[in-house]
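Participant: Sharing a sequence plus its predicted fold:
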Amino acid sequence: MHFVLDLHHSSDGIRGQVMRKGARGPEDFNGWLDLFRLLELHPASGPDPIQTVRQLVEAENDHDLHAAEQLLAADFVGITRARGEEQTRDKLLDEIASPRNPELHRAVDAHEVWMSQGPNLCVVRSIVSTDKPPKRFRNLHVLTMVQGHWLCLAWQVTELKL
């Protein structure tokens, strides 16, 4: 895995950004431990489950039906939305293509990601923030390995109190 580091050092410590080869954008870090965490989350070999989650959130932001279809497993169980609604794969894709709030922007908090990975199944727990309106959501993604790619099998969203 290749990285480009933008590192700033001062008497307060280090901060900067990490850009991975093939990534859409850089990830911020603040301190050595944060930098090491980012580098550890992206092992030198194999696909990155957290990147799958980020790409799925980006597909929602971009209303990109094609990208979302590629990131959901064919046997996707469903998503439980924070509003309590259960959605099948088709309903989720419909909402991604034609969202209730097209101005809503989501962002995965790089500091709030936890992952447990096996050879063919992975759980990613993250915080996703929105801007309009400002809210925070706990997201739980269950991913499955299909032909060398992590795909979303199930998704749970819970709104957190600010």
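Facilitator: That came through fine. Residues are numbered from 1 along each chain as shown.
Participant: Show me what residue 117 is bridged to.
Facilitator: Judged by DSSP bridges, the bridge partners of residue 117 are residue 122.
Participant: Kindly apply the preceding question to residue 143 instead.
Facilitator: residue 122, residue 152.
Participant: who touches it in this structure?
Facilitator: 49, 52, 53, 121, 122, 123, 124, 150, 151, 152, 153 (CB atoms under 8 Å, 6 or more residues apart in numbering). C-betas here are computed from N, CA, C, even on glycine.
Participant: Which neighbouring elements make contact with the helix or strand containing the second one?
Facilitator: Going back to what we said before, that points to residue 52. Assigned by DSSP states H and E, residue 52 belongs to helix 49-62. Contact here means 3 or more CB pairs under 8 Å, 6 or more residues apart in numbering; DSSP states H and E; on that basis helix 49-62 packs against helix 65-71, strand 106-117, strand 121-131, strand 134-146, strand 149-160.
Participant: can you tell me how far the closest residue to residue 158 other than its chain neighbours sits from residue 105?
Facilitator: Ranked by CB to CB, 6 or more residues apart in numbering and with sequence neighbours excluded, the top spatial neighbour of residue 158 is residue 138, at 4.6 Å. Per CB to CB, to the nearest Å, residue 138 is found 18 Å from residue 105.
Participant: Comparing these two, which shows the higher neighbour count?
Facilitator: residue 138 (15 against 12; other CB atoms under 10 Å).
Participant: Wait, the more buried one touches residue 160, no?
Facilitator: Yes - counting by CB atoms under 8 Å, residue 138 touches residue 160, with 5.7 Å between them.
Participant: Just give me the neighbour total for residue 60.
Facilitator: 19.
Participant: For it, give me its contacts.
Facilitator: Residue 60 sits next to 68, 96, 99, 106 when contact means CB under 8 Å, 6+ apart.
Participant: re the thing from before, mind putting the contacts of residue 143 into a markdown table with distance to residue 4, pLDDT and neighbour count?
Facilitator: Below are the contacts of residue 143 laid out as a markdown table (distance: CB to CB, whole Å; pLDDT from 0 to 100; neighbours: other CB atoms under 10 Å):
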| residue | distance to residue 4 | pLDDT | neighbour count |
| --- | --- | --- | --- |
| 49 | 22 | 93 | 24 |
| 52 | 21 | 95 | 20 |
| 53 | 22 | 96 | 25 |
| 121 | 31 | 93 | 14 |
| 122 | 26 | 93 | 22 |
| 123 | 29 | 94 | 15 |
| 124 | 24 | 94 | 25 |
| 150 | 23 | 95 | 26 |
| 151 | 28 | 97 | 20 |
| 152 | 28 | 97 | 24 |
| 153 | 32 | 97 | 19 |
